[in-house]
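The sequence isn't on hand, but the structure is:
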(Lines give C-alpha, C1' and ligand atoms only; values in the text may rest on other atoms or scores of the structure.)
Protein backbone atom coordinates (compact mmCIF):
# COMPACT_ATOMS: atom_id res chain seq x y z
CA UNK A 1 0.00 0.00 0.00
CA UNK A 2 1.10 3.52 -0.80
CA UNK A 3 2.19 6.27 1.51
CA UNK A 4 -0.14 9.11 0.65
CA UNK A 5 -0.12 9.97 4.36
CA UNK A 6 3.58 10.72 4.10
CA UNK A 7 3.11 14.08 2.42
CA UNK A 8 2.56 16.48 5.29
CA UNK A 9 1.25 13.85 7.68
CA UNK A 10 -2.15 12.29 8.24
CA UNK A 11 -4.83 14.98 8.03
CA UNK A 12 -7.92 12.98 6.99
CA UNK A 13 -8.93 9.51 8.16
CA UNK A 14 -11.85 7.44 6.88
CA UNK A 15 -13.15 4.76 9.25
CA UNK A 16 -15.13 1.96 7.55
CA UNK A 17 -17.52 0.14 9.91
CA UNK A 18 -19.92 -2.60 8.75
CA UNK A 19 -22.61 -2.43 11.46
CA UNK A 20 -24.59 0.56 12.71
CA UNK A 21 -24.42 -0.80 16.30
CA UNK A 22 -20.60 -0.79 16.05
CA UNK A 23 -20.51 2.73 14.58
CA UNK A 24 -22.99 4.69 16.69
CA UNK A 25 -21.16 4.59 20.08
CA UNK A 26 -18.12 5.90 18.22
CA UNK A 27 -20.11 8.58 16.40
CA UNK A 28 -21.32 9.72 19.82
CA UNK A 29 -17.90 9.48 21.49
CA UNK A 30 -16.36 11.59 18.71
CA UNK A 31 -19.32 13.99 18.52
CA UNK A 32 -19.62 13.45 14.75
CA UNK A 33 -22.48 14.75 12.62
CA UNK A 34 -24.36 12.80 9.93
CA UNK A 35 -23.78 14.30 6.47
CA UNK A 36 -26.05 14.68 3.51
CA UNK A 37 -24.68 12.02 1.19
CA UNK A 38 -26.40 13.05 -2.04
CA UNK A 39 -23.46 15.28 -2.96
CA UNK A 40 -20.90 12.54 -2.24
CA UNK A 41 -22.42 9.41 -3.79
CA UNK A 42 -24.76 9.29 -6.78
CA UNK A 43 -27.89 7.14 -6.72
CA UNK A 44 -29.87 5.74 -3.87
CA UNK A 45 -27.13 3.93 -1.95
CA UNK A 46 -27.97 3.12 1.72
CA UNK A 47 -24.49 4.23 2.80
CA UNK A 48 -24.11 6.61 5.78
CA UNK A 49 -21.37 9.10 6.58
CA UNK A 50 -20.62 10.85 9.89
CA UNK A 51 -17.97 13.56 10.02
CA UNK A 52 -16.18 15.88 12.40
CA UNK A 53 -12.81 17.22 13.49
CA UNK A 54 -10.78 15.66 16.34
CA UNK A 55 -7.72 17.62 17.48
CA UNK A 56 -7.30 19.00 13.95
CA UNK A 57 -7.84 15.64 12.26
CA UNK A 58 -10.71 15.31 9.75
CA UNK A 59 -12.60 12.17 10.68
CA UNK A 60 -15.19 10.45 8.47
CA UNK A 61 -16.98 7.32 9.62
CA UNK A 62 -18.66 5.51 6.72
CA UNK A 63 -21.16 2.67 7.14
CA UNK A 64 -22.69 0.54 4.34
CA UNK A 65 -26.09 1.08 5.99
CA UNK A 66 -29.26 -0.98 6.02
CA UNK A 67 -30.03 -3.35 3.16
CA UNK A 68 -32.74 -1.71 1.08
CA UNK A 69 -34.87 -4.84 0.85
CA UNK A 70 -34.38 -6.36 4.32
CA UNK A 71 -33.41 -3.50 6.65
CA UNK A 72 -30.40 -5.23 8.26
CA UNK A 73 -26.80 -3.98 8.23
CA UNK A 74 -25.08 -4.60 4.88
CA UNK A 75 -22.31 -6.81 6.32
CA UNK A 76 -19.80 -8.81 4.28
CA UNK A 77 -17.19 -8.20 1.64
CA UNK A 78 -19.11 -6.72 -1.32
CA UNK A 79 -20.85 -3.76 0.41
CA UNK A 80 -17.72 -2.85 2.43
CA UNK A 81 -15.43 -2.95 -0.60
CA UNK A 82 -17.88 -0.83 -2.64
CA UNK A 83 -18.16 1.72 0.17
CA UNK A 84 -14.38 1.82 0.74
CA UNK A 85 -13.72 2.39 -2.96
CA UNK A 86 -16.45 4.99 -3.57
CA UNK A 87 -15.91 6.92 -0.33
CA UNK A 88 -12.13 6.62 -0.74
CA UNK A 89 -12.35 8.26 -4.19
CA UNK A 90 -14.65 10.99 -2.86
CA UNK A 91 -12.88 11.78 0.43
CA UNK A 92 -9.23 11.05 -0.49
CA UNK A 93 -8.23 10.16 3.08
CA UNK A 94 -4.56 9.76 4.02
CA UNK A 95 -5.47 6.66 6.01
CA UNK A 96 -8.35 4.16 6.01
CA UNK A 97 -9.24 2.31 9.22
CA UNK A 98 -11.52 -0.74 9.10
CA UNK A 99 -12.98 -1.05 12.62
CA UNK A 100 -15.44 -3.66 13.80
CA UNK A 101 -16.17 -6.74 15.81
CA UNK A 102 -14.79 -10.16 14.98
CA UNK A 103 -14.24 -13.69 16.20
CA UNK A 104 -10.98 -14.56 17.93
CA UNK A 105 -9.07 -17.82 18.42
CA UNK A 106 -8.14 -18.58 22.04
CA UNK A 107 -5.45 -20.95 20.74
CA UNK A 108 -3.80 -17.76 19.43
CA UNK A 109 -4.33 -15.87 22.71
CA UNK A 110 -7.54 -13.96 21.93
CA UNK A 111 -10.00 -12.97 24.69
CA UNK A 112 -13.45 -11.32 24.53
CA UNK A 113 -13.05 -7.54 24.23
CA UNK A 114 -9.43 -7.60 22.99
CA UNK A 115 -8.74 -5.14 20.19
CA UNK A 116 -6.44 -6.45 17.45
CA UNK A 117 -4.44 -4.56 14.84
CA UNK A 118 -4.16 -6.69 11.68
CA UNK A 119 -0.71 -7.56 10.42
CA UNK A 120 -2.04 -9.42 7.38
CA UNK A 121 -5.36 -10.05 5.61
CA UNK A 122 -6.45 -13.17 3.72
CA UNK A 123 -9.69 -14.87 2.63
CA UNK A 124 -10.87 -18.30 3.75
CA UNK A 125 -13.93 -18.81 1.53
CA UNK A 126 -12.47 -18.31 -1.96
CA UNK A 127 -11.29 -21.77 -3.00
CA UNK A 128 -10.09 -21.86 -6.62
CA UNK A 129 -8.04 -25.05 -7.06
CA UNK A 130 -6.16 -23.95 -10.21
CA UNK A 131 -2.46 -23.00 -9.93
CA UNK A 132 -1.93 -19.29 -9.10
CA UNK A 133 -5.74 -18.80 -8.94
CA UNK A 134 -5.55 -20.68 -5.62
CA UNK A 135 -3.22 -17.97 -4.26
CA UNK A 136 -5.42 -15.25 -5.78
CA UNK A 137 -8.42 -16.73 -3.94
CA UNK A 138 -6.58 -16.55 -0.62
CA UNK A 139 -5.56 -13.02 -1.64
CA UNK A 140 -3.07 -12.26 1.13
CA UNK A 141 -2.43 -8.57 1.69
CA UNK A 142 0.30 -7.59 4.15
CA UNK A 143 -0.79 -4.64 6.30
CA UNK A 144 1.34 -1.52 6.63
CA UNK A 145 3.72 -1.96 9.58
CA UNK A 146 2.43 -0.26 12.74
CA UNK A 147 4.79 -1.46 15.48
CA UNK A 148 4.88 1.90 17.30
CA UNK A 149 1.11 2.26 17.26
CA UNK A 150 0.67 -1.27 18.66
CA UNK A 151 3.31 -0.79 21.37
CA UNK A 152 2.39 2.77 22.42
CA UNK A 153 -1.34 2.03 22.67
CA UNK A 154 -0.82 -1.44 24.13
CA UNK A 155 -2.88 -3.20 21.43
CA UNK A 156 -2.64 -6.79 20.29
CA UNK A 157 -1.56 -7.79 16.79
CA UNK A 158 -2.56 -10.73 14.64
CA UNK A 159 -3.52 -11.96 11.19
CA UNK A 160 -7.11 -11.54 10.00
CA UNK A 161 -8.97 -14.09 7.87
CA UNK A 162 -12.11 -12.88 6.10
CA UNK A 163 -15.18 -14.74 4.87
CA UNK A 164 -18.81 -13.92 4.15
CA UNK A 165 -20.26 -16.30 6.75
CA UNK A 166 -20.68 -15.89 10.50
CA UNK A 167 -20.33 -19.66 10.97
CA UNK A 168 -17.33 -21.80 10.03
CA UNK A 169 -17.36 -24.99 7.97
CA UNK A 170 -14.58 -27.58 8.10
CA UNK A 171 -13.19 -26.16 4.84
CA UNK A 172 -13.28 -22.61 6.25
CA UNK A 173 -11.47 -23.81 9.39
CA UNK A 174 -8.77 -25.50 7.30
CA UNK A 175 -8.18 -22.27 5.34
CA UNK A 176 -8.27 -20.07 8.46
CA UNK A 177 -5.57 -22.28 9.98
CA UNK A 178 -3.54 -22.13 6.76
CA UNK A 179 -3.92 -18.33 6.92
CA UNK A 180 -2.47 -18.50 10.49
CA UNK A 181 -5.28 -16.21 11.63
CA UNK A 182 -5.95 -14.96 15.15
CA UNK A 183 -9.03 -13.01 14.06
CA UNK A 184 -11.96 -14.12 11.85
CA UNK A 185 -14.02 -11.32 10.34
CA UNK A 186 -16.38 -10.64 7.43
CA UNK A 187 -14.88 -7.54 5.79
CA UNK A 188 -11.16 -6.97 6.50
CA UNK A 189 -9.60 -8.49 3.37
CA UNK A 190 -12.18 -6.78 1.13
CA UNK A 191 -11.60 -3.33 2.66
CA UNK A 192 -7.83 -3.94 2.31
CA UNK A 193 -8.35 -4.93 -1.35
CA UNK A 194 -10.27 -1.73 -2.15
CA UNK A 195 -7.77 0.42 -0.21
CA UNK A 196 -4.97 -1.26 -2.15
CA UNK A 197 -6.66 -0.42 -5.49
CA UNK A 198 -6.73 3.21 -4.35
CA UNK A 199 -3.14 3.03 -3.01
CA UNK A 200 -4.34 4.44 0.33
CA UNK A 201 -2.68 3.00 3.48
CA UNK A 202 -5.13 1.02 5.60
CA UNK A 203 -5.13 -0.40 9.10
CA UNK A 204 -7.71 -2.58 10.82
CA UNK A 205 -8.95 -2.58 14.43
CA UNK A 206 -11.03 -5.63 15.37
CA UNK A 207 -12.65 -6.15 18.79
CA UNK A 208 -13.31 -9.78 19.74
CA UNK A 209 -16.99 -10.66 20.36
CA UNK A 210 -16.73 -14.44 20.32
CA UNK A 211 -14.15 -17.17 20.79
CA UNK A 212 -14.35 -19.22 17.58
CA UNK A 213 -12.51 -22.22 19.05
CA UNK A 214 -14.37 -22.02 22.38
CA UNK A 215 -17.34 -24.00 23.67
CA UNK A 216 -20.16 -21.45 23.22
CA UNK A 217 -22.13 -21.30 19.95
CA UNK A 218 -20.86 -18.37 17.82
CA UNK A 219 -24.21 -16.67 17.27
CA UNK A 220 -25.21 -16.48 20.97
CA UNK A 221 -21.73 -15.40 21.99
CA UNK A 222 -21.62 -12.79 19.22
CA UNK A 223 -24.96 -11.23 20.23
CA UNK A 224 -24.06 -11.42 23.95
CA UNK A 225 -20.72 -9.63 23.63
CA UNK A 226 -21.58 -7.20 20.85
CA UNK A 227 -21.90 -4.23 23.24
CA UNK A 228 -18.72 -5.11 25.20
CA UNK A 229 -16.78 -5.20 21.94
CA UNK A 230 -18.45 -2.05 20.62
CA UNK A 231 -17.44 -0.25 23.85
CA UNK A 232 -13.85 -1.47 23.47
CA UNK A 233 -13.88 -0.07 19.93
CA UNK A 234 -15.36 3.28 21.00
CA UNK A 235 -12.52 3.61 23.55
CA UNK A 236 -9.73 2.45 21.22
CA UNK A 237 -10.60 4.10 17.89
CA UNK A 238 -10.41 7.68 19.32
CA UNK A 239 -7.01 6.83 20.88
CA UNK A 240 -5.79 5.57 17.50
CA UNK A 241 -7.14 8.66 15.72
CA UNK A 242 -5.36 11.00 18.17
CA UNK A 243 -2.20 8.91 17.82
CA UNK A 244 -2.06 9.03 14.00
CA UNK A 245 -3.12 12.69 13.69
CA UNK A 246 -0.39 14.67 11.96
CA UNK A 247 2.07 11.73 11.97
CA UNK A 248 3.49 10.27 8.78
CA UNK A 249 2.38 6.72 7.98
CA UNK A 250 6.03 5.64 8.25
CA UNK A 251 6.09 6.90 11.88
CA UNK A 252 3.48 4.33 12.87
CA UNK A 253 6.19 1.69 12.66
CA UNK A 254 9.23 1.20 14.87
CA UNK A 255 11.53 -0.22 12.21
CA UNK B 1 -34.19 -2.61 -10.66
CA UNK B 2 -35.03 0.69 -12.30
CA UNK B 3 -36.02 1.43 -15.84
CA UNK B 4 -33.44 3.96 -16.98
CA UNK B 5 -33.50 2.23 -20.38
CA UNK B 6 -37.13 3.21 -20.74
CA UNK B 7 -36.41 6.83 -21.60
CA UNK B 8 -35.77 6.80 -25.32
CA UNK B 9 -34.72 3.17 -25.46
CA UNK B 10 -31.44 1.37 -24.82
CA UNK B 11 -28.55 3.39 -26.32
CA UNK B 12 -25.59 2.31 -24.17
CA UNK B 13 -24.85 -1.16 -22.83
CA UNK B 14 -22.04 -2.11 -20.45
CA UNK B 15 -20.97 -5.76 -20.51
CA UNK B 16 -19.15 -6.94 -17.37
CA UNK B 17 -16.93 -10.01 -17.96
CA UNK B 18 -14.68 -11.52 -15.26
CA UNK B 19 -12.07 -13.31 -17.38
CA UNK B 20 -9.91 -11.95 -20.20
CA UNK B 21 -10.27 -15.27 -22.09
CA UNK B 22 -14.06 -14.86 -22.01
CA UNK B 23 -13.90 -11.23 -23.11
CA UNK B 24 -11.35 -11.24 -25.93
CA UNK B 25 -13.26 -13.37 -28.51
CA UNK B 26 -16.16 -10.98 -27.99
CA UNK B 27 -13.96 -7.88 -28.27
CA UNK B 28 -12.77 -9.28 -31.61
CA UNK B 29 -16.24 -10.32 -32.82
CA UNK B 30 -17.56 -6.82 -32.08
CA UNK B 31 -14.44 -5.05 -33.38
CA UNK B 32 -14.09 -3.06 -30.15
CA UNK B 33 -11.09 -0.88 -29.28
CA UNK B 34 -9.29 -0.79 -25.93
CA UNK B 35 -9.66 2.60 -24.24
CA UNK B 36 -7.30 4.65 -22.16
CA UNK B 37 -8.82 4.21 -18.71
CA UNK B 38 -6.94 6.92 -16.84
CA UNK B 39 -9.69 9.42 -17.66
CA UNK B 40 -12.44 7.03 -16.53
CA UNK B 41 -11.11 5.53 -13.29
CA UNK B 42 -8.72 7.21 -10.84
CA UNK B 43 -5.74 5.33 -9.43
CA UNK B 44 -3.92 2.30 -10.67
CA UNK B 45 -6.81 -0.14 -11.06
CA UNK B 46 -6.11 -3.17 -13.32
CA UNK B 47 -9.54 -2.79 -14.96
CA UNK B 48 -9.84 -2.85 -18.78
CA UNK B 49 -12.42 -1.28 -21.04
CA UNK B 50 -13.13 -2.01 -24.72
CA UNK B 51 -15.61 0.15 -26.63
CA UNK B 52 -17.29 0.52 -29.99
CA UNK B 53 -20.61 1.06 -31.76
CA UNK B 54 -22.80 -1.81 -32.98
CA UNK B 55 -25.74 -0.84 -35.19
CA UNK B 56 -25.99 2.51 -33.39
CA UNK B 57 -25.63 0.98 -29.91
CA UNK B 58 -22.73 2.14 -27.70
CA UNK B 59 -21.07 -0.98 -26.37
CA UNK B 60 -18.54 -1.04 -23.52
CA UNK B 61 -17.00 -4.29 -22.35
CA UNK B 62 -15.36 -3.93 -18.93
CA UNK B 63 -13.07 -6.54 -17.38
CA UNK B 64 -11.60 -6.46 -13.84
CA UNK B 65 -8.22 -7.33 -15.36
CA UNK B 66 -5.21 -9.15 -14.00
CA UNK B 67 -4.53 -9.17 -10.27
CA UNK B 68 -1.66 -6.75 -9.64
CA UNK B 69 0.27 -9.14 -7.42
CA UNK B 70 -0.39 -12.49 -9.11
CA UNK B 71 -1.24 -11.73 -12.75
CA UNK B 72 -4.39 -13.89 -12.95
CA UNK B 73 -7.90 -12.69 -13.80
CA UNK B 74 -9.58 -10.91 -10.89
CA UNK B 75 -12.52 -13.34 -10.63
CA UNK B 76 -15.11 -13.41 -7.87
CA UNK B 77 -17.60 -11.06 -6.27
CA UNK B 78 -15.52 -8.16 -4.91
CA UNK B 79 -13.63 -7.11 -8.08
CA UNK B 80 -16.74 -7.51 -10.29
CA UNK B 81 -18.97 -5.50 -7.97
CA UNK B 82 -16.33 -2.74 -7.70
CA UNK B 83 -15.97 -2.60 -11.47
CA UNK B 84 -19.74 -2.65 -12.08
CA UNK B 85 -20.26 0.21 -9.62
CA UNK B 86 -17.35 2.41 -10.74
CA UNK B 87 -17.85 1.85 -14.48
CA UNK B 88 -21.63 2.12 -14.07
CA UNK B 89 -21.22 5.57 -12.47
CA UNK B 90 -18.77 6.66 -15.18
CA UNK B 91 -20.57 5.28 -18.25
CA UNK B 92 -24.22 5.54 -17.15
CA UNK B 93 -25.37 2.64 -19.37
CA UNK B 94 -29.09 1.97 -19.91
CA UNK B 95 -28.44 -1.73 -19.43
CA UNK B 96 -25.73 -3.83 -17.76
CA UNK B 97 -25.04 -7.36 -19.01
CA UNK B 98 -22.95 -9.77 -16.91
CA UNK B 99 -21.60 -12.34 -19.38
CA UNK B 100 -19.36 -15.26 -18.56
CA UNK B 101 -18.87 -18.95 -18.11
CA UNK B 102 -20.45 -20.96 -15.31
CA UNK B 103 -21.26 -24.39 -13.99
CA UNK B 104 -24.62 -25.97 -14.86
CA UNK B 105 -26.75 -28.63 -13.17
CA UNK B 106 -27.81 -31.48 -15.48
CA UNK B 107 -30.61 -32.28 -13.03
CA UNK B 108 -32.02 -28.91 -14.11
CA UNK B 109 -31.44 -29.59 -17.83
CA UNK B 110 -28.10 -27.85 -18.37
CA UNK B 111 -25.65 -29.01 -21.08
CA UNK B 112 -22.10 -27.86 -21.91
CA UNK B 113 -22.24 -24.74 -24.13
CA UNK B 114 -25.83 -23.77 -23.22
CA UNK B 115 -26.29 -20.04 -22.67
CA UNK B 116 -28.60 -19.15 -19.78
CA UNK B 117 -30.41 -15.89 -19.04
CA UNK B 118 -30.75 -15.49 -15.26
CA UNK B 119 -34.23 -15.13 -13.81
CA UNK B 120 -32.94 -14.69 -10.28
CA UNK B 121 -29.64 -14.25 -8.42
CA UNK B 122 -28.69 -15.50 -4.94
CA UNK B 123 -25.55 -16.30 -2.93
CA UNK B 124 -24.63 -19.72 -1.58
CA UNK B 125 -21.56 -18.88 0.53
CA UNK B 126 -22.89 -16.17 2.84
CA UNK B 127 -24.26 -18.08 5.83
CA UNK B 128 -25.39 -15.75 8.65
CA UNK B 129 -27.64 -17.77 10.98
CA UNK B 130 -29.36 -14.80 12.66
CA UNK B 131 -33.00 -14.02 11.74
CA UNK B 132 -33.30 -11.66 8.71
CA UNK B 133 -29.46 -11.63 8.36
CA UNK B 134 -29.87 -15.20 7.02
CA UNK B 135 -32.04 -13.84 4.18
CA UNK B 136 -29.63 -10.94 3.65
CA UNK B 137 -26.78 -13.43 3.26
CA UNK B 138 -28.70 -15.30 0.55
CA UNK B 139 -29.44 -11.89 -0.95
CA UNK B 140 -31.95 -12.91 -3.61
CA UNK B 141 -32.36 -10.40 -6.44
CA UNK B 142 -35.08 -11.06 -9.01
CA UNK B 143 -33.84 -10.26 -12.52
CA UNK B 144 -35.78 -7.93 -14.82
CA UNK B 145 -38.26 -9.99 -16.84
CA UNK B 146 -36.94 -10.81 -20.33
CA UNK B 147 -39.45 -13.32 -21.73
CA UNK B 148 -39.35 -11.91 -25.27
CA UNK B 149 -35.56 -11.87 -25.40
CA UNK B 150 -35.39 -15.47 -24.18
CA UNK B 151 -38.07 -16.67 -26.64
CA UNK B 152 -36.94 -14.69 -29.70
CA UNK B 153 -33.25 -15.66 -29.34
CA UNK B 154 -34.05 -19.23 -28.25
CA UNK B 155 -32.05 -18.96 -25.00
CA UNK B 156 -32.48 -20.98 -21.82
CA UNK B 157 -33.55 -19.42 -18.54
CA UNK B 158 -32.69 -20.36 -14.97
CA UNK B 159 -31.73 -19.15 -11.53
CA UNK B 160 -28.08 -18.30 -10.79
CA UNK B 161 -26.35 -19.03 -7.48
CA UNK B 162 -23.09 -17.16 -6.81
CA UNK B 163 -20.11 -18.01 -4.61
CA UNK B 164 -16.41 -17.15 -4.49
CA UNK B 165 -15.19 -20.74 -4.93
CA UNK B 166 -14.83 -22.85 -8.05
CA UNK B 167 -15.44 -26.00 -6.03
CA UNK B 168 -18.55 -26.84 -4.00
CA UNK B 169 -18.68 -27.97 -0.37
CA UNK B 170 -21.65 -29.85 1.12
CA UNK B 171 -22.85 -26.58 2.68
CA UNK B 172 -22.56 -24.79 -0.68
CA UNK B 173 -24.53 -27.58 -2.36
CA UNK B 174 -27.27 -27.36 0.27
CA UNK B 175 -27.60 -23.61 -0.31
CA UNK B 176 -27.45 -23.91 -4.11
CA UNK B 177 -30.33 -26.41 -3.93
CA UNK B 178 -32.26 -24.11 -1.59
CA UNK B 179 -31.64 -21.33 -4.15
CA UNK B 180 -33.19 -23.63 -6.80
CA UNK B 181 -30.24 -22.79 -9.08
CA UNK B 182 -29.59 -24.15 -12.58
CA UNK B 183 -26.37 -22.16 -12.92
CA UNK B 184 -23.46 -21.78 -10.43
CA UNK B 185 -21.18 -18.81 -11.02
CA UNK B 186 -18.71 -16.59 -9.16
CA UNK B 187 -19.96 -13.06 -9.93
CA UNK B 188 -23.66 -12.84 -10.94
CA UNK B 189 -25.23 -11.90 -7.59
CA UNK B 190 -22.49 -9.33 -6.91
CA UNK B 191 -22.89 -7.62 -10.30
CA UNK B 192 -26.68 -7.62 -9.74
CA UNK B 193 -26.13 -6.07 -6.28
CA UNK B 194 -23.99 -3.24 -7.68
CA UNK B 195 -26.39 -2.66 -10.62
CA UNK B 196 -29.25 -2.53 -8.11
CA UNK B 197 -27.43 0.13 -6.05
CA UNK B 198 -27.16 2.19 -9.24
CA UNK B 199 -30.79 1.41 -10.24
CA UNK B 200 -29.57 0.29 -13.67
CA UNK B 201 -31.39 -2.72 -15.22
CA UNK B 202 -29.14 -5.76 -15.51
CA UNK B 203 -29.31 -9.10 -17.29
CA UNK B 204 -26.93 -12.02 -17.14
CA UNK B 205 -25.78 -14.42 -19.88
CA UNK B 206 -23.92 -17.48 -18.61
CA UNK B 207 -22.41 -20.19 -20.85
CA UNK B 208 -22.02 -23.60 -19.25
CA UNK B 209 -18.41 -24.92 -19.06
CA UNK B 210 -18.94 -27.76 -16.62
CA UNK B 211 -21.69 -29.98 -15.28
CA UNK B 212 -21.56 -29.52 -11.51
CA UNK B 213 -23.62 -32.63 -10.75
CA UNK B 214 -21.81 -34.73 -13.38
CA UNK B 215 -19.02 -37.26 -13.04
CA UNK B 216 -16.02 -35.21 -14.25
CA UNK B 217 -13.98 -33.11 -11.78
CA UNK B 218 -15.01 -29.43 -12.06
CA UNK B 219 -11.53 -28.00 -12.66
CA UNK B 220 -10.62 -30.30 -15.59
CA UNK B 221 -14.05 -29.89 -17.16
CA UNK B 222 -13.93 -26.12 -16.71
CA UNK B 223 -10.52 -25.77 -18.38
CA UNK B 224 -11.50 -28.26 -21.15
CA UNK B 225 -14.71 -26.46 -22.13
CA UNK B 226 -13.64 -22.88 -21.54
CA UNK B 227 -13.17 -22.16 -25.27
CA UNK B 228 -16.45 -23.88 -26.29
CA UNK B 229 -18.31 -21.75 -23.77
CA UNK B 230 -16.40 -18.59 -24.75
CA UNK B 231 -17.38 -19.23 -28.41
CA UNK B 232 -21.02 -19.68 -27.40
CA UNK B 233 -20.81 -16.34 -25.59
CA UNK B 234 -19.15 -14.57 -28.52
CA UNK B 235 -22.02 -15.76 -30.75
CA UNK B 236 -24.82 -14.98 -28.27
CA UNK B 237 -23.77 -11.64 -26.76
CA UNK B 238 -23.75 -9.81 -30.17
CA UNK B 239 -27.25 -11.21 -30.91
CA UNK B 240 -28.47 -9.95 -27.54
CA UNK B 241 -26.86 -6.52 -28.12
CA UNK B 242 -28.56 -6.19 -31.52
CA UNK B 243 -31.84 -7.36 -29.99
CA UNK B 244 -31.87 -4.81 -27.15
CA UNK B 245 -30.57 -1.89 -29.23
CA UNK B 246 -33.12 0.93 -29.24
CA UNK B 247 -35.76 -1.16 -27.43
CA UNK B 248 -37.19 -0.14 -24.09
CA UNK B 249 -36.31 -2.42 -21.17
CA UNK B 250 -40.03 -3.18 -20.76
CA UNK B 251 -40.12 -4.52 -24.35
CA UNK B 252 -37.68 -7.31 -23.42
CA UNK B 253 -40.55 -9.01 -21.61
CA UNK B 254 -43.67 -10.62 -23.07
CA UNK B 255 -46.02 -9.84 -20.16
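Sure thing, it's come through. All figures in this text were calculated on a predicted structure; none of them were measured in a lab. Numbers count the residues shown, from 1 in each chain, chains lettered A, B, ... in the order given.

Looking at chain A, which helix is longest?
helix A:218-244 (DSSP state H).

Now do the contacts for residue A:239.
Each residue near residue A:239 by Cβ atoms under 8 Å, 6 or more residues apart in numbering or on different chains is listed here: residue A:153. C-betas here are computed from N, CA, C, even on glycine.

which residue ranges form the helices in the stretch 101-250 of chain A?
A:133-138, A:147-152, A:170-178, A:188-198, A:218-244 (DSSP state H, counting those that start in this stretch).

distance of residue A:229 from chain B?
Per Cβ to the nearest Cβ, to the nearest Å, residue A:229 is found 16 Å from chain B.

what does residue A:222 give?
8 Å.

That residue and residue A:208 touch, don't they?
No - if you go by Cβ atoms under 8 Å, residue A:222 and residue A:208 don't touch, sitting 10.2 Å apart.

Have a look at these two and say which one is more surrounded.
Higher neighbour count among residue A:222 and residue A:208: residue A:208, with 27 against 18, using other Cβ atoms under 10 Å in any protein chain shown.

Bridge partners for that one, pull those for me.
Using DSSP bridges, the bridge partners assigned to residue A:208 are residue A:102.

pLDDT score for it?
At residue A:208, the model reports a pLDDT of 95.

show me what contacts it?
Contacts of residue A:208 (Cβ under 8 Å, 6+ apart): A:101-104, A:110-116, A:183, A:225, A:229.

do that again at 7 Å, thanks
By Cβ atoms under 7 Å, 6 or more residues apart in numbering or on different chains, residue A:208 lies in contact with A:102-104, A:110-114, A:229.

Return the closest of those with respect to chain B.
Checking the contacts of residue A:208 against chain B with Cβ to the nearest Cβ, the nearest one is residue A:103 at 12.9 Å.

residues near the closest one, how many?
That count, for residue A:103 with other Cβ under 10 Å as the rule, works out to 26.

ditto for the one 5 residues further on
Residue crowding around residue A:108 was assessed by other Cβ under 10 Å; the count is 16.

ok, now the one 3 residues further on?
Other residues near residue A:111 number 10, with proximity taken as other Cβ under 10 Å.

nearest spatial neighbour of it, skipping sequence neighbours?
residue A:208 (6.6 Å; Cβ to Cβ, 6 or more residues apart in numbering or on different chains).

Contacts only, for residue A:33.
Residue A:33 neighbours (Cβ under 7 Å, 6+ apart): A:50-52.

one step back: worst mean pLDDT among the helices of the stretch 101-250 of chain A?
Looking at these, the bottom one is helix A:218-244 with a mean of 91.

mind checking how far that one is from the chain centre?
Offset of helix A:218-244 from its chain centre (Cα atoms, centre = their mean, to the nearest Å): 11 Å.

Just among the contacts of residue A:33, which is most surrounded?
Result: residue A:50 is most packed of the contacts of residue A:33 (other Cβ under 10 Å), 22 neighbours.

What are the boundaries of the strands in chain A?
Along chain A, the stretches classed as strands by DSSP state E are A:12-16, A:33-34, A:48-54, A:57-63, A:95-104, A:115-123, A:141-142, A:156-162, A:183-185, A:202-211.

Determine whether any part of stretch A:178-190 lies close to chain B.
Yes - Stretch A:178-190 comes into contact with chain B (Cβ under 7 Å from any Cβ of the partner chain), by way of residue A:190.

which residues touch that stretch?
With Cβ under 7 Å, 6+ apart as the criterion, stretch A:178-190 contacts A:18, A:75-77, A:80-81, A:98, A:100, A:102-105, A:108, A:110, A:116, A:118, A:121-124, A:138-139, A:141, A:158-164, A:176, A:204, A:206, A:212, B:78.

Excluding chain neighbours, what is closest to residue A:63?
Per Cβ to Cβ, 6+ apart, closest to residue A:63 is residue A:48, 4.5 Å.

List the contacts of the one you found.
Going by Cβ under 7 Å, 6+ apart, the list of residues near residue A:48 reads A:34, A:63, A:65.

Need the buried ones from these selected in PyMOL.
Written as a PyMOL command, the selection of buried residues from these, which uses 16 or more other Cβ atoms under 10 Å in any protein chain shown, is:
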select buried, chain A and resi 63+65
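
Would you tell me which one of the contacts of residue A:48 comes nearest to chain B?
residue A:65 (10.7 Å).

Name the helix or strand of chain A that has the lowest mean pLDDT.
helix A:218-244 (a mean of 91; mean pLDDT, DSSP states H and E).

List the buried residues in that one.
A:218, A:221-222, A:225-226, A:229-230, A:232-234, A:236-241, A:243-244.

before we move on, what about stretch A:165-176?
Buried residues in stretch A:165-176 (16+ other Cβ under 10 Å): A:165-166, A:168-169, A:171-172, A:175-176.

repeat for stretch A:109-124
A:110, A:112, A:114-124.

Show the end-to-end separation of that stretch, please.
20 Å (Cα to Cα, to the nearest Å).

Can you give the distance of that stretch from its chain's centre?
10 Å.

avg pLDDT for that stretch?
Stretch A:109-124 comes out at a mean pLDDT of 97.

Spell out which residues of the stretch 151-255 of chain A are next to chain B.
So the stretch 151-255 of chain A meets chain B at A:164-167, A:169, A:171, A:190, A:193-194, A:197-199, A:219 (Cβ under 7 Å from any Cβ).

now those residues in TSV, with distance to residue B:58?
As requested, these are exported to TSV (distance: Cβ to Cβ, whole Å):
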residue	distance to residue B:58
A:164	35
A:165	40
A:166	43
A:167	45
A:169	44
A:171	43
A:190	31
A:193	30
A:194	28
A:197	26
A:198	28
A:199	31
A:219	48
